[in-house]
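Enquirer: Predicted model and sequence follow; I will ask about them next.
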Amino acid sequence: MKHFITKDTPVTEEALNVIAHLPTKSLPAIVEDEFFVKLSDRNIMHIAVLLAQKSYDEGGCPIGGIIIDNNTRRIVGKGHNTLVQDNDPYNHGETSAIRDAGRQDFNNTTIFTTLSPCDICATLIYMRQFARVVVGDVTNASGNEQMLCEKGVKVDILEDPMGITLYAKYRAEKPELDMEDWKGLAAVRKARPDFA
Ligand SMILES: O=c1cc[nH]c(=O)[nH]1
(Lines give C-alpha, C1' and ligand atoms only; values in the text may rest on other atoms or scores of the structure.)
Protein backbone atom coordinates (compact mmCIF):
# COMPACT_ATOMS: atom_id res chain seq x y z
CA MET A 1 0.00 0.00 0.00
CA LYS A 2 1.21 3.55 -0.79
CA HIS A 3 2.51 5.54 2.17
CA PHE A 4 0.55 8.59 3.35
CA ILE A 5 3.77 10.62 3.76
CA THR A 6 6.21 9.98 0.90
CA LYS A 7 9.58 11.30 -0.25
CA ASP A 8 7.66 13.93 -2.24
CA THR A 9 5.68 15.23 0.76
CA PRO A 10 6.92 18.73 1.70
CA VAL A 11 8.45 19.06 5.16
CA THR A 12 5.75 21.19 6.77
CA GLU A 13 4.71 21.81 10.37
CA GLU A 14 1.58 19.71 9.66
CA ALA A 15 3.56 16.71 8.39
CA LEU A 16 5.91 16.92 11.41
CA ASN A 17 2.91 17.13 13.74
CA VAL A 18 1.37 13.97 12.23
CA ILE A 19 4.66 12.16 12.89
CA ALA A 20 4.74 13.49 16.46
CA HIS A 21 1.27 12.12 17.19
CA LEU A 22 1.57 8.71 15.49
CA PRO A 23 2.71 5.71 17.56
CA THR A 24 6.34 4.90 16.66
CA LYS A 25 5.41 1.36 15.62
CA SER A 26 2.93 2.75 13.03
CA LEU A 27 5.47 5.05 11.36
CA PRO A 28 6.87 2.49 8.83
CA ALA A 29 3.33 1.91 7.47
CA ILE A 30 2.53 5.62 7.12
CA VAL A 31 5.84 7.37 6.40
CA GLU A 32 8.14 6.37 3.56
CA ASP A 33 11.75 5.84 4.67
CA GLU A 34 12.98 8.46 2.19
CA PHE A 35 10.98 11.15 3.96
CA PHE A 36 13.05 10.61 7.12
CA VAL A 37 16.25 10.96 5.09
CA LYS A 38 15.07 14.44 4.05
CA LEU A 39 14.63 15.61 7.66
CA SER A 40 17.34 17.87 9.08
CA ASP A 41 18.34 17.80 12.75
CA ARG A 42 16.32 20.99 13.13
CA ASN A 43 13.23 19.23 11.72
CA ILE A 44 13.65 16.33 14.13
CA MET A 45 14.11 18.68 17.07
CA HIS A 46 10.91 20.36 15.99
CA ILE A 47 9.01 17.04 16.12
CA ALA A 48 10.27 16.75 19.72
CA VAL A 49 8.97 20.27 20.42
CA LEU A 50 5.56 19.29 18.98
CA LEU A 51 5.57 16.39 21.46
CA ALA A 52 6.36 18.88 24.22
CA GLN A 53 3.41 20.97 23.03
CA LYS A 54 1.18 17.85 23.15
CA SER A 55 2.20 17.29 26.77
CA TYR A 56 1.55 20.94 27.64
CA ASP A 57 -1.92 20.73 26.01
CA GLU A 58 -2.64 17.69 28.22
CA GLY A 59 -1.74 19.70 31.34
CA GLY A 60 1.69 18.10 31.64
CA CYS A 61 5.34 19.20 31.58
CA PRO A 62 6.39 20.27 28.07
CA ILE A 63 9.51 18.22 27.36
CA GLY A 64 9.78 15.88 24.37
CA GLY A 65 12.35 13.36 23.17
CA ILE A 66 13.10 11.56 19.91
CA ILE A 67 15.62 8.82 19.14
CA ILE A 68 16.81 8.24 15.57
CA ASP A 69 18.98 5.63 13.90
CA ASN A 70 22.11 7.44 12.72
CA ASN A 71 22.31 5.54 9.41
CA THR A 72 18.69 5.51 8.24
CA ARG A 73 17.50 8.57 10.25
CA ARG A 74 14.37 6.56 11.03
CA ILE A 75 12.66 7.36 14.36
CA VAL A 76 13.10 4.39 16.68
CA GLY A 77 11.62 5.93 19.82
CA LYS A 78 9.80 9.05 20.90
CA GLY A 79 7.76 10.43 23.75
CA HIS A 80 7.21 13.24 26.19
CA ASN A 81 7.25 13.80 29.92
CA THR A 82 4.24 12.09 31.57
CA LEU A 83 4.68 13.02 35.24
CA VAL A 84 1.14 14.47 35.32
CA GLN A 85 -0.55 12.26 32.72
CA ASP A 86 0.62 8.94 34.25
CA ASN A 87 0.92 10.14 37.87
CA ASP A 88 4.52 9.00 37.53
CA PRO A 89 7.06 10.70 39.83
CA TYR A 90 9.73 10.26 37.20
CA ASN A 91 8.99 9.93 33.52
CA HIS A 92 10.96 12.57 31.69
CA GLY A 93 10.97 13.34 27.95
CA GLU A 94 14.18 11.33 27.54
CA THR A 95 13.09 8.27 29.57
CA SER A 96 9.77 8.23 27.73
CA ALA A 97 11.56 8.07 24.35
CA ILE A 98 14.02 5.44 25.62
CA ARG A 99 11.19 3.25 26.97
CA ASP A 100 9.34 3.63 23.65
CA ALA A 101 12.46 2.47 21.76
CA GLY A 102 12.70 -0.61 23.97
CA ARG A 103 15.66 -2.94 24.43
CA GLN A 104 18.14 -2.02 21.77
CA ASP A 105 21.75 -1.07 21.17
CA PHE A 106 21.75 2.74 21.30
CA ASN A 107 25.37 3.06 20.20
CA ASN A 108 24.45 4.15 16.69
CA THR A 109 21.57 6.41 17.66
CA THR A 110 21.03 10.07 18.51
CA ILE A 111 18.65 11.29 21.20
CA PHE A 112 17.03 14.69 20.72
CA THR A 113 15.72 16.34 23.86
CA THR A 114 13.86 19.64 23.94
CA LEU A 115 15.44 20.58 27.29
CA SER A 116 18.93 20.23 28.71
CA PRO A 117 18.89 16.79 30.40
CA CYS A 118 18.65 16.47 34.18
CA ASP A 119 21.27 14.47 36.13
CA ILE A 120 19.33 11.19 35.89
CA CYS A 121 18.54 11.46 32.17
CA ALA A 122 22.11 12.54 31.40
CA THR A 123 23.42 9.50 33.30
CA LEU A 124 21.04 7.22 31.41
CA ILE A 125 22.21 8.71 28.10
CA TYR A 126 25.85 7.84 28.72
CA MET A 127 25.12 4.57 30.55
CA ARG A 128 23.12 3.32 27.54
CA GLN A 129 25.96 4.53 25.28
CA PHE A 130 24.09 6.88 22.97
CA ALA A 131 26.47 8.18 20.30
CA ARG A 132 25.06 11.68 20.33
CA VAL A 133 22.62 13.95 22.13
CA VAL A 134 21.06 17.04 20.57
CA VAL A 135 19.77 19.59 23.11
CA GLY A 136 16.98 21.97 22.11
CA ASP A 137 17.07 24.39 25.05
CA VAL A 138 20.03 25.52 27.13
CA THR A 139 18.35 28.84 27.88
CA ASN A 140 15.85 27.60 30.50
CA ALA A 141 18.18 24.94 31.92
CA SER A 142 21.69 23.65 31.39
CA GLY A 143 24.49 21.91 33.21
CA ASN A 144 25.20 18.36 32.08
CA GLU A 145 26.54 19.06 28.59
CA GLN A 146 30.19 19.11 29.69
CA MET A 147 29.84 15.88 31.68
CA LEU A 148 28.22 14.13 28.69
CA CYS A 149 31.11 15.23 26.43
CA GLU A 150 33.61 13.91 28.99
CA LYS A 151 31.77 10.57 29.01
CA GLY A 152 32.20 10.30 25.24
CA VAL A 153 28.75 11.38 24.06
CA LYS A 154 28.79 13.90 21.19
CA VAL A 155 26.74 16.89 22.32
CA ASP A 156 25.15 19.36 19.91
CA ILE A 157 23.08 22.37 20.94
CA LEU A 158 20.25 23.15 18.51
CA GLU A 159 17.87 25.55 20.18
CA ASP A 160 14.28 25.65 18.94
CA PRO A 161 12.68 29.07 19.64
CA MET A 162 9.15 27.60 19.97
CA GLY A 163 10.38 25.06 22.53
CA ILE A 164 12.18 27.74 24.56
CA THR A 165 9.14 30.02 24.62
CA LEU A 166 6.84 27.13 25.54
CA TYR A 167 9.04 25.99 28.43
CA ALA A 168 9.40 29.53 29.81
CA LYS A 169 5.62 30.02 29.65
CA TYR A 170 4.95 26.72 31.45
CA ARG A 171 7.53 27.52 34.15
CA ALA A 172 5.94 30.93 34.77
CA GLU A 173 2.45 29.36 34.91
CA LYS A 174 3.30 26.29 37.01
CA PRO A 175 6.51 26.88 39.02
CA GLU A 176 5.67 24.17 41.57
CA LEU A 177 5.12 21.54 38.87
CA ASP A 178 8.40 22.56 37.26
CA MET A 179 10.21 22.14 40.59
CA GLU A 180 8.49 18.79 41.26
CA ASP A 181 9.59 17.52 37.84
CA TRP A 182 13.24 18.38 38.55
CA LYS A 183 13.56 17.81 42.30
CA GLY A 184 10.48 15.95 43.54
CA LEU A 185 7.50 16.95 45.64
CA ALA A 186 9.62 16.98 48.82
CA ALA A 187 11.61 19.91 47.39
CA VAL A 188 8.39 21.80 46.62
CA ARG A 189 7.10 21.26 50.17
CA LYS A 190 10.39 22.45 51.67
CA ALA A 191 10.37 25.58 49.51
CA ARG A 192 6.64 26.23 49.96
CA PRO A 193 5.43 24.78 53.33
CA ASP A 194 1.91 26.09 52.53
CA PHE A 195 1.80 23.95 49.36
CA ALA A 196 -0.92 21.27 49.61
O1 LIG B 1 15.78 16.43 31.43
C2 LIG B 1 14.65 16.72 31.82
C3 LIG B 1 14.44 17.64 32.85
C4 LIG B 1 13.19 17.88 33.28
N5 LIG B 1 12.15 17.21 32.70
C6 LIG B 1 12.33 16.34 31.67
O7 LIG B 1 11.37 15.74 31.16
N8 LIG B 1 13.59 16.12 31.27
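Expert: The structure has been received and is ready for your questions.
Enquirer: Please identify the residues of the chain in proximity to the ligand?
Expert: 61, 63, 81, 92-94, 115, 117-118, 121, 181-182 (CB under 6 Å from any ligand atom). Where C-beta positions appear, they are placed from N, C-alpha and C, glycine not excepted.
Enquirer: Reduced to three states, what does the most centrally placed residue in the chain come out as?
Expert: For the chain, G65 is the residue whose C-alpha lies nearest the centre (CA atoms, centre = their mean; 1.6 Å). Three-state assignment for G65 (DSSP: H, G, I helix; E, B strand; the rest coil): strand.
Enquirer: In helices, which of the residues of the chain next to the ligand appear?
Expert: Mapping the residues of the chain next to the ligand onto helices (DSSP state H) picks out 93-94, 121, 181-182.
Enquirer: of these, buried ones?
Expert: The neighbour-count test (16 or more other CB atoms under 10 Å) marks 93-94, 121, 181-182 as buried among these.
Enquirer: still on that earlier bit, quick one: the ones in helices among the residues of the chain next to the ligand as a markdown table, columns for pLDDT too.
Expert: A markdown table is the format used below for these (pLDDT from 0 to 100):
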| residue | pLDDT |
| --- | --- |
| G93 | 98 |
| E94 | 98 |
| C121 | 97 |
| D181 | 97 |
| W182 | 97 |
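Enquirer: No further queries at this time; thank you.
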